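> make a model of this:
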Amino acid sequence: MSDFISDGCQDFGRALCVITGASKGFGRELAVQIAGLLKPKSVMLLVARSGKQLAELKDDLVASDGDKSQLVVHCIQADLGKKEGVEKTIRVAKETSAMDIDHLLLINNAASLGDVSRFAMSFTDREEVDAYLSLNVSSVLSLTAGVLQAFPWRHGLRRTVVNVSSLCALKPFPSWVLYCTGKAARDMMFRVLAEEEPDLRVLSYAPGPLDTDMQTQARCYSGDVKIRQSFSSMFAEGRLLTCQESGAKLMRLLLDDDFPSGAHVDFYEL
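All right, here's what the predicted structure looks like:
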């Protein structure tokens, strides 16, 4: 078992923080919030397909750091739906494994909605389904395993793995078969990980309905009329959540560190 016992922390320590899907939306906001909670000489690995957006985020993080030598930021342009993208990310993480850190924080945020205009009976193309699962499920397990192997348990090292989840991991949404399947698989994946590795702190966090590009896609293209109308009403009535307010709840949850490892926690439960 880990020797880390917390009654609530004010920061994440001197950490290596890996965030996938960091270039925009919730991932970008998490990078900004986490950067302000890291001790000097921490390292952030920001992973996404868009190199330009990652570079812009890096500039913003460095500019907000009072002493530019205090935070090291590496941008990893990679498609995690492909083997090469996962291997590249793990390789860069391994290159930092000799650093003196007291916290490994891995945020598995990268995900795609999939084609929500269609219903389950239309997905006869196995290659299409495999491609979706490669990014949203397979890569998550491979990346998590590779990063954890690069940073095995040792005295004084806290290791935290976060899966950005969804209500869709628990509840079926018509015309969202790919997304619901991927999120449910990821939740179970991390529940198993928590059982197998008791020294880890493992969390699946459902951030709620966020005002992001993915939400725009959902309310415009969902094949199920009720779902499309529901999200459209939430948008029109200003009931969508901002990435900032949901991210702030996740930060508090991680800093308080009193959740059962492997738990699924929803924004509205906090």
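
> and the helices in the stretch 51-200 of the chain, which stretches?
Under the criterion DSSP state H, counting those that start in this stretch, helices of the stretch 51-200 of the chain are mapped to 51-64, 83-95, 126-133, 139-150, 177-196.

> tell me which residues in the fourth one are buried?
Along helix 139-150, the positions that meet the burial threshold by neighbour count (16 or more other CB atoms under 10 Å) are Ser139, Val140, Leu141, Ser142, Leu143, Thr144, Gly146, Val147, Leu148, Ala150. C-beta coordinates here come from the backbone N, C-alpha and C atoms, glycine included.

> tell me who's in contact with the fourth one.
Which is Ser142. Val86 (CB atoms under 8 Å, 6 or more residues apart in numbering).

> may I have the secondary structure class of the residue nearest to Leu270 when sequence neighbours are not counted?
Leaving aside its chain neighbours, Leu270 sits nearest to Lys249 (5.0 Å; criterion: CB to CB, 6 or more residues apart in numbering). At Lys249, secondary structure determined by DSSP: H, G, I helix; E, B strand; the rest coil is helix.

> would you confirm that Gly208 contacts Cys243?
No - look at Gly208 against Cys243 with CB atoms under 8 Å: they stay out of range, at 10.2 Å.

> on that earlier part again, what is the neighbour count of the residue nearest to Leu270?
19 (other CB atoms under 10 Å).

> so how far is Arg28 from it?
Going from Lys249 to Arg28 by CB to CB, to the nearest Å gives 17 Å.

> show the contacting residues for the most centrally placed residue in the chain.
When CA atoms, centre = their mean is applied to the chain, the residue found nearest the centroid is Asn109 (2.2 Å). Listed by CB under 8 Å, 6+ apart, the contact partners of Asn109 are Ile19, Thr20, Gly21, Ala22, Phe26, Gly27, Leu30, Val162, Val164.

> mind running it again at 7 Å?
Going by CB atoms under 7 Å, 6 or more residues apart in numbering, Asn109 touches Ile19, Thr20, Gly21, Phe26, Gly27, Leu30, Val164.

> same thing with Ser165?
If you count contacts by CB under 7 Å, 6+ apart, then Ser165 has Lys183, Arg186, Asp187, Ser204, Tyr205, Ala206, His264 around it.

> any weak-confidence spans in this protein?
By pLDDT under 70, the low-scoring segments of the chain are 1-8, 66-69.

> before we move on, back to that, what's the closest of the contacts of Ser165 to Val43?
Tyr205 (22.3 Å; CB to CB).
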